[in-house]
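Peer 1: Need a 3D model of the sequence below.
(one chain, ligands or ions: 3)
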Amino acid sequence: MSFQTEPPYTHGSIDRSAVVLVNLGTPDAPTSSAVRRYLKQFLSDPRVVEIPRLVWWCILNLIILPFRSGQSAKKYASIWTREGSPLKVHTQKQAKLLAGALAERGHDGVTVAMAMRYGSPSLPEVLARLKSEGCERIAILPAYPQYSGTTTGSIYDAVFAHYATVRNVPELRFIKQYHEHDTYIDALRDSVLNHWEAHGRPEKLVMSFHGVPKRTLLLGDPYHCQCLKTARLLAEKLKLTKEQYVVTFQSRFGKAEWLQPYTAPTLVALAQQGVKRVDLLCPGFTSDCLETLEEIAMEAKHDFETAGGQQFHYIACLNETPAWIAGMAEIAEQHMIGWPTMKTAPQREADKKAGEQARTAALALGAAN
Ligand SMILES: C=CC1=C(C)c2cc3[nH]c(cc4nc(cc5[nH]c(cc1n2)c(C)c5CCC(=O)O)C(CCC(=O)O)=C4C)c(C)c3C=C
Ligand SMILES: [Fe+2]
Ligand SMILES: [Fe+2]
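Peer 2: Ligands and ions are numbered 1, 2, ... in the order given. This is a model prediction of the structure:
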């Protein structure tokens with residue numbers, strides 16, 4: 001086992017801190033070949049599909065990739081923007097705004113980067129860049145409020161795998177979950193209330209989370225419980241009764257049972273029961289993406305209306321809303337406690353001088369030897 005070549009260690013160098021906002025990833029283009037590349041990497045992750053590897057390799061390569069890549073590419077094409085894939089565009093903007101929010105809160109010398117678990121920019125390339133920029137403290141901030149082994153757990157795997165090749169590993173902090181964090185719940189509440197102020201209230205609020213196989217719940221994954229907690233806290237902040245909202249799970253993949261109730265059949269049942277208007281939000285997604293813009297705002301809307309529903313309102317994800325940017329800054333800040341990111345100007349000047357002195361002393365020692 002050999003490690004990556006380290007830059008020479010220099011005494012007194014000023015270490016930076018970094019926050020890495022990590023999202024799932026998305027294809028580079030809405031084409032069959034780009035989607036195939038993305039799906040191959042994503043669906044080959046044993047955290048995502050827990051089927052014996054050889055069996056899954058055959059299913060993935062012989063059935064899923066040949067058929068799904070083209071179908072998914074058409075869906076991606078329907079939501080693609082001039083700037084690119086919505087998931088990537090939002091994550092990039094969030095990272096930039098988060099840097100500004102941290103600076104406004106008095107943090108200095110904190111780099112904010114964004115990375116994708118699958119596709120680009122990849123975690124290894126971003127972590128390597130941060131090292132070359134002298135970031136000696138890294139906080140990993142997954143874009144997922146609820147922990148699941150399939151998402152956050154997989155980000156951890158990729159971070160560990162990267163640093164397994166590095167000799168001088170930075171100090172690492174991992175933000176595991178923020179499903180009950182006040183700033184997150186408040187940001188969700190604000191976006192629902194803003195929507196209601198502009199468009200009036202629905203008969204039912206549907207909170208749709210991405211699904212996972214039910215088996216993962218039975219095997220100890222906390223994701224389901226965390227989704228229900230988020231929903232309960234949001235409902236409380238909105239002062240909703242149990243009859244006024246419903247929690248559902250979307251994006252089922254394959255034939256196995258996933259978390260229930262499923263979103264689309266629930267919407268059809270509501271329409272058939274005579275519910276005329278539903279508002280739907282996806283609290284588990286912090287940025288809009290294929291699963292919200294196509295599967296929900298287009299397909300699920302169509303399902304509801306075809307079954308007799310009259311008004312389907314999709315409430316956008318938190319994206320770049322100021323309340324959520326401030327929320328992310330607060331969450332990141334709480335995980336950077338003890339890091340020297342809050343420095344006064346005299347402290348920075350003193351650090352600089354101490355660094356210069358240490359370098360001069362190291363050079364003098366080198367010359368004497
Ligand atoms: C195969 C199993 C899958 C599991 C388990 C899974 C969990 C999971 N996913 C998200 C968030 C997102 N998923 C997205 C797309 C997507 N998800 C799967 C499959 C599983 N997800 C597939 C095959 C796809 C690709 C699209 C398709 O072909 O249907 C996205 C959107 C990506 C984008 O480019 O916009 C997000 C976001 C969570 C939160 C989660 C478990 C909690
Ligand atoms: Fe997914
Ligand atoms: Fe989907």
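Peer 1: By mean pLDDT, point me to the weakest helix or strand of the protein.
Peer 2: Ranked by mean pLDDT, DSSP states H and E, the weakest helix or strand in the chain is helix 345-368, scoring a mean of 73.
Peer 1: what residues does that helix touch?
Peer 2: Applying C-beta atoms under 8 Å, 6 or more residues apart in numbering, the contact partners of helix 345-368 are 10-14, 108, 343. Using the backbone N, CA and C atoms, a C-beta is placed for each residue, glycine as well.
Peer 1: where do the strands sit along the stretch 151-300 of the chain?
Peer 2: 171-174, 204-210, 245-250, 277-281 (DSSP state E, counting those that start in this stretch).
Peer 1: Highest mean neighbour count out of those strands?
Peer 2: Scoring the strands of the stretch 151-300 of the chain by mean neighbour count under mean count of other C-beta atoms under 10 Å gives strand 204-210 as the most buried, with a mean of 25.
Peer 1: quick check, Ile140 in a strand?
Peer 2: Yes: remark: Ile140 belongs to a strand, assigned using DSSP: H, G, I helix; E, B strand; the rest coil.
Peer 1: Quick check: it touching Ile175?
Peer 2: Yes: in this structure, Ile140 is within contact of Ile175 by C-beta atoms under 8 Å, at 6.5 Å.
Peer 1: Please report the number of neighbouring residues for Gly84.
Peer 2: The local packing count at Gly84 equals 15, with neighbours defined by other C-beta atoms under 10 Å.
Peer 1: Ok, His335 next?
Peer 2: Other residues near His335 number 17, with proximity taken as other C-beta under 10 Å.
Peer 1: before we move on, what about Leu87?
Peer 2: Other residues near Leu87 number 26, with proximity taken as other C-beta under 10 Å.
Peer 1: excluding its backbone neighbours, what's nearest it?
Peer 2: Excluding the flanking residues, the one nearest Leu87 by C-beta to C-beta, 6 or more residues apart in numbering is Cys289, at 3.8 Å.
Peer 1: What sits closest to Ile325 if chain neighbours are left out?
Peer 2: Nearest residue to Ile325, sequence neighbours excluded (C-beta to C-beta, 6+ apart): Leu97, at 4.5 Å.
Peer 1: Give me the pLDDT value at the residue in the stretch 151-300 of the chain that ligand 1 sits nearest to.
Peer 2: Using C-beta to the nearest ligand atom, the closest approach of the stretch 151-300 of the chain to ligand 1 is made by Cys289 at 3.1 Å. Residue-level confidence at Cys289 comes out at 98, pLDDT.
Peer 1: Is it in contact with Thr26, as I believe?
Peer 2: Yes: at 7.0 Å, Cys289 and Thr26 qualify as touching, with contact defined as C-beta under 8 Å.
Peer 1: Can you check which residues contact both of the two?
Peer 2: 85, 87.
Peer 1: So for Thr341, what's the nearest residue that isn't a sequence neighbour?
Peer 2: His107 (4.3 Å).
Peer 1: element containing the one you found, please.
Peer 2: Using DSSP states H and E, His107 sits in no helix or strand.
Peer 1: what's the burial count for it?
Peer 2: His107 has 21 neighbouring residues, counting by other C-beta under 10 Å.
Peer 1: The residue of the stretch 1-150 of the chain found nearest ligand 3: what's it in contact with?
Peer 2: In the stretch 1-150 of the chain, the residue found nearest to ligand 3 is Lys75; the distance is 7.6 Å by C-beta to the ion. Under the criterion of C-beta under 8 Å, 6+ apart, the contact partners of Lys75 comprise 290, 294-295.
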